[in-house]
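> Predicted structure and sequence below. I'll ask about it afterward.
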Amino acid sequence: MLRALLAALSLCIAAGTAAQPPSEPTAKKPAAAKPAAKAPRAIPGGRPAWAELTAEQQQTLAPLKADWETLEPERRQKWIAIAKRYPRMKPQEQERVQRRMQAWAKLTPEQRRQARENYKHLVKAPRPVPNKDLREAWAEYQQLSPQERQSLAPPPPTDPRRQKSR
């Protein structure tokens, strides 16, 4: 449960960092043109292809359709495993999966890479005391100063294009 919360928090931080407007407005390029400038390539022979998925899998994984051909086979298998579990999920859980899948599909490849790195970092992080209640841990986090909270956040991206000018 804590891992899922931390992973979701990590994804939100990564998405929030990427969604921050630049500190100085630039009129050189429209924001919508940036992702199209570096379009990911389709993986040749990546299996299964979108057309090979069942109708139910396609419906469940619809937010990923545009990026499916660029996903690595291992990633496709992970999404297919989620699609297989999807019918057995409670409606609230299905809605949550759909929301998160849509959010994931909106991320750029760089943002996805950063979210994966954040997750790997969180998995390796020391776990809280087993007897400690998650609510207590959240209350402790809420009591931290903004500086202490910032120290717990993942490091900023190293891409010079994403750094704010000072």
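Happy to help now that I have it. Numbering: from 1, shown residues only.
> what about the helices in the protein?
Here the chain has its helices, by DSSP state H, at 2-19, 33-37, 55-60, 73-85, 91-106, 109-124, 134-143, 146-152.
> I'd like to know which of those helices lies nearest to Ala49.
helix 73-85 (9.2 Å; C-beta to C-beta). Yep, even glycine has a C-beta here, placed from its N, CA and C like the rest.
> Convert that closest one to PDB, retaining C-alpha atoms only.
The C-alpha trace of helix 73-85 is given here as PDB (Å, rounded to 0.1, in the frame of the first residue of the first chain):
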ATOM      1  CA  PRO A  73       7.900  -5.900 -25.700                       C
ATOM      2  CA  GLU A  74       8.400  -6.100 -21.900                       C
ATOM      3  CA  ARG A  75       6.300  -3.000 -21.300                       C
ATOM      4  CA  ARG A  76       3.600  -4.400 -23.600                       C
ATOM      5  CA  GLN A  77       3.500  -7.600 -21.600                       C
ATOM      6  CA  LYS A  78       3.100  -5.600 -18.400                       C
ATOM      7  CA  TRP A  79       0.200  -3.600 -19.800                       C
ATOM      8  CA  ILE A  80      -1.400  -6.800 -21.100                       C
ATOM      9  CA  ALA A  81      -1.100  -8.300 -17.600                       C
ATOM     10  CA  ILE A  82      -3.000  -5.300 -16.300                       C
ATOM     11  CA  ALA A  83      -5.700  -5.700 -19.000                       C
ATOM     12  CA  LYS A  84      -6.100  -9.300 -17.900                       C
ATOM     13  CA  ARG A  85      -6.700  -8.400 -14.300                       C
END
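> quick thing: my sequence starts at 688, can you match it?
Okay, residue one is now 688; in that scheme the one you just asked about reads as helix 760-772.
> and the angle from it to helix 778-793?
160 degrees (axes from the mean of the first three to the mean of the last three C-alpha atoms, to 10 degrees).
> If you average the pLDDT over helix 760-772, what comes out?
Per-region confidence: helix 760-772 scores 92 on mean pLDDT.
> again, but for stretch 820-830
The average pLDDT within stretch 820-830 is 84.
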